[in-house]
Structure formats: C-alpha cells, structure tokens
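Peer 1: Kindly return the folded structure for what I paste below:
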Amino acid sequence: MNWLDYDTENCSVQRTLDVIGDRWSVLILREVFNGIRRFDQIRQHTGISDSVLANRLRRLVDDDVLRAVDYAEPGARRRKEYRLTDAGLDLQPVLLSLLAWGDAHRSDPSGPALQIGHDGCGAHVHLELRCDDGHRITDPSAVHAEPGPGARRI
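Peer 2: So this is what the prediction gives:
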C-alpha cells in the first residue's frame, strides 16, 4: 500500500494536533492532570503569559477537553477552575507517552522529575502497546498502518 495515495485531511493525528498541538496546551494539560486547576496557579507554575493562557484555556474548553467550573474563595469574587472532560481524561496516555519519552531521552542526569503511581497499589505506572489479541508489542517495527473506514484515496 502506498500512503501517498491517501488524503491526510481527515487524519486523527492532525485533528488531535489541531486541539493540543502547541507547547502551552500540553503544559496546561500537564498542570490540570497534576491537580493545578486555577488560572493564577497555572500561570505561576508554567510561566505562561495571561493572554496566552486565557486563549489556550478558552480553546481547550471550546474543544471539550476542559470544562470551566465556578468557585469563590471567602470574601473574593467568583473565578473559574478547569477540570478535565471525558475527552480530556482520554489524553492521559498521550501525556504519559510524552513523559516516558522524555524520561528515556531527555531526563535529568539524576533521574526523572516525576513518577506516576497507581492509587490502588502504589506501583509505578508504565505504558505498553498490545494488539486486540493481547500480545505485548515491544518492537516498534512490529506494527504497521493500514487504511481505516474513513480513509480517502486521492
């Protein structure tokens, strides 16, 4: 099969990158996954400017990755905090894959800055590829792409 024979306009990778394909969106998601949900906290922890943060949060809400929830500290005006939607939660393996790649290829000499644990037993979490028949895939060259039902020939 020749991939050059197929249109990429409806590619799911491309559509995903349209939503989270910039540095700041991914870092905002990292923060929310780690429990940092308020505008000021996200800005302070990432160093992102107010305008860029407001823009990215608005886009992530519009794209149904985050939802804005009102909260108010006693004596203060109402503000928003950001929670993951089901679509946002489904991005967890994406962020964990980025983390695993960074740990393997860009980690601090003293080791990774973050480890992910399972709440149920405390063991470290890792990602793995499996086929529908349950085979664990450890060799990246052992997988291939093929046209799906939405593939369009050029």
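Peer 1: any idea how far Asp22 lies from Arg59?
Peer 2: 9 Å (C-beta to C-beta, to the nearest Å). The way it works is simple: take the backbone N, C-alpha and C, and place the C-beta from them, glycine included.
Peer 1: Between those two, which has more neighbouring residues?
Peer 2: Set side by side, Asp22 and Arg59 give different neighbour counts by other C-beta atoms under 10 Å, the larger being at Arg59 (18 against 14).
Peer 1: Now name the helix or strand holding that one.
Peer 2: Under DSSP states H and E, the secondary-structure element containing Arg59 is helix 50-62.
Peer 1: what about the next helix or strand after that helix, distance to the chain center?
Peer 2: Following the chain from helix 50-62 toward its C-terminal end, the next helix or strand by DSSP H and E is strand 66-71. Relative to its chain's centre, strand 66-71 lies at 18 Å (C-alpha atoms, centre = their mean, to the nearest Å).
Peer 1: after strand 66-71, next one along is what?
Peer 2: The first helix or strand that comes after strand 66-71 along the chain, using DSSP H and E, is strand 79-84.
Peer 1: If you count contacts, what does that following strand end up packed against?
Peer 2: Helices and strands in packing contact with strand 79-84 are listed as helix 23-33, helix 39-46, helix 50-62, strand 66-71; criterion 3 or more C-beta pairs under 8 Å, 6 or more residues apart in numbering; DSSP states H and E.
Peer 1: Can I get those in TSV including mean pLDDT?
Peer 2: Below are these laid out as TSV (pLDDT from 0 to 100):
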stretch	mean pLDDT
helix 23-33	98
helix 39-46	97
helix 50-62	98
strand 66-71	96
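Peer 1: Select, out of these, the one closest to His124.
Peer 2: Each of those was scored for nearness to His124 using C-beta to C-beta, and the closest is helix 23-33 (16.3 Å).
Peer 1: ok, residues contacting that closest one?
Peer 2: The list of residues contacting helix 23-33 from outside it, by C-beta atoms under 8 Å, 6 or more residues apart in numbering, reads 19-20, 37, 41-42, 45-46, 48, 52-53, 56-57, 59-60, 65-66, 82-84, 88, 91-92, 95, 98.
Peer 1: and the angle for that helix with strand 79-84?
Peer 2: Relative orientation of helix 23-33 with respect to strand 79-84: 90 degrees, computed using axes from the mean of the first three to the mean of the last three C-alpha atoms, to 10 degrees.
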